[in-house]
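Engineer: Give the three-dimensional model of this entry:
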Amino acid sequence: MEDNGSRTLLIVVIVVGLAAGAWLFRDLWMPADVPAPPPPAEPAPAEPAPTLEPLYPVAPIQPRDEGGELIPLPPLEDSDEYFALALIDLFGPDLDALLADDLLIERAVGTVDNLGRGRVPERIRPLGAVPGSFVVDGSGEETGFVMSPRNYERYDDVVTMLEKAPASDLVDTYRRFYPLMNEAYRLLGYPDGHFNDRAVEIVDLLLATPEPAGPIELVRDKVLYEYRDPALESLSSGQKMLLRMGPRNAARVKTVLRTLRGELTAPAEPD
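Structural biologist: So this is what the prediction gives:
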């Protein structure tokens, strides 16, 4: 069992949290329903299948400078400095020391995509290690191993960061950088994909993480720990991340995500 919960949660804060914020605007740019056109009198020539429309479209934001001129986004390959500054402005200067040196958007998007799978490869993570290590109780002989409650407090500061992130600023930052995020997502091998739709899937997956009653039993296979319960061991990397935080912190994260989902998927109020 790899213990990367703190930095992975920060990635969720940075990207999935931003994606959740974008739901607030989805009804503002979804096209109104229009009547279907009548069928043609004669069969139309065969055409390539159209690109699937996103389930949750995102309207990018285009900020202006003091003179009213649009501030263009940099190319994806030149975006690291801009994205890092935006994240530090959102989450504070302590984040700077944790950020990777390059490919920030590409790493963050790749990590979010992998939160629904069994493992997030180390090489794509946009954040470095945080202090502390995974803590277990028990000798592994007669008593076995259990996940120690002493492990959970390591995640308190990161969860607080999630709770304090201003929703309006998350939305603006996400909309600002979404074209680059979507470009990075398509470069992963989804040429017609929509990153926001994948991010929504991940939020729902995290909300569906089970909440075990009592201590979580572990087994050790050579070096790494695994969950004794096969149902827990089969969870995605993002869901295991929530388990490693402990029930209180996991509940705090779910509360934030649930609140966002409830408020940000509601129909937009008419002007």
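Engineer: ok, the residue lying closest to Arg176 once chain neighbours are set aside to Pro210 distance?
Structural biologist: Leaving out its chain neighbours, the residue that sits closest to Arg176 by Cβ to Cβ, 6 or more residues apart in numbering is Ile61, at 5.0 Å. Where C-beta positions appear, they are placed from N, C-alpha and C, glycine not excepted. Applying Cβ to Cβ, to the nearest Å, the value for Ile61 to Pro210 is 37 Å.
Engineer: list the contacts for Ser198?
Structural biologist: Not quite, residue 198 is Arg, not Ser. Neighbour list for Arg198: 112-113, 116, 185, 190 [criterion: Cβ atoms under 8 Å, 6 or more residues apart in numbering].
Engineer: Just say helix, strand or coil for it.
Structural biologist: Taking DSSP: H, G, I helix; E, B strand; the rest coil as the rule, one finds Arg198 in the helix state.
Engineer: Can I get the lengthiest helix in the chain in CSV? Just the C-alpha atoms.
Structural biologist: Using DSSP state H, we find that the single longest helix of the chain is helix 167-187. Output in CSV follows, covering the C-alpha atoms of helix 167-187 (Å, rounded to 0.1, in the frame of the first residue of the first chain):
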residue,chain,number,x,y,z
ALA,A,167,-15.5,28.3,-4.4
SER,A,168,-15.7,31.4,-6.7
ASP,A,169,-11.9,31.5,-7.1
LEU,A,170,-11.8,27.8,-7.8
VAL,A,171,-14.4,28.3,-10.6
ASP,A,172,-12.6,31.2,-12.2
THR,A,173,-9.2,29.4,-12.1
TYR,A,174,-10.7,26.2,-13.5
ARG,A,175,-12.5,28.0,-16.3
ARG,A,176,-9.3,30.0,-17.1
PHE,A,177,-7.1,26.9,-17.5
TYR,A,178,-9.7,24.4,-18.8
PRO,A,179,-8.7,24.6,-22.5
LEU,A,180,-5.2,23.5,-21.5
MET,A,181,-6.5,20.8,-19.2
ASN,A,182,-8.7,19.5,-21.9
GLU,A,183,-5.8,19.6,-24.4
ALA,A,184,-3.7,17.6,-21.9
TYR,A,185,-6.5,15.1,-21.4
ARG,A,186,-6.8,14.5,-25.1
LEU,A,187,-3.1,13.9,-25.4
